[in-house]
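Engineer: Here is the input, now give the coordinates:
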Amino acid sequence: MKLRNDSSEVSSLLKDLKQGVADELKEQLHMFSFKEKHRRITEIVESKMNNTMHSLENSWRGAYCSVRGRKQNL
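Structural biologist: Take a look at the predicted model:
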């Protein structure tokens, strides 16, 4: 009788342990997925910001040179 109780207790503990490990792995996978999505979004935003900055710099340079050229012609 004692052996049967011990066996069922061990079985119950193993089941709980397996469930705990599975839950922990699911959480880690979810966090990895979140971090990967965050990294990708960050890369996209940084790329778009860099493109916009270069475009603005080129526009500013063009406008500056255009204004400067007009001043020299006056």
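Engineer: does the most centrally placed residue in the chain sit in a helix or strand, and which one?
Structural biologist: In the chain, the C-alpha closest to the average C-alpha coordinate belongs to His38, at a distance of 1.6 Å (CA atoms, centre = their mean). Using DSSP states H and E, His38 sits within helix 2-73.
Engineer: Show the average pLDDT along that helix.
Structural biologist: On average, the pLDDT along helix 2-73 is 87.
Engineer: Output the contacting helices and strands for that helix.
Structural biologist: Of the remaining helices and strands, none touches helix 2-73 by 3 or more CB pairs under 8 Å, 6 or more residues apart in numbering; DSSP states H and E. In short, each C-beta sits where N, CA and C put it, glycine included.
Engineer: Run the chain-centre distance for it.
Structural biologist: 0 Å (CA atoms, centre = their mean, to the nearest Å).
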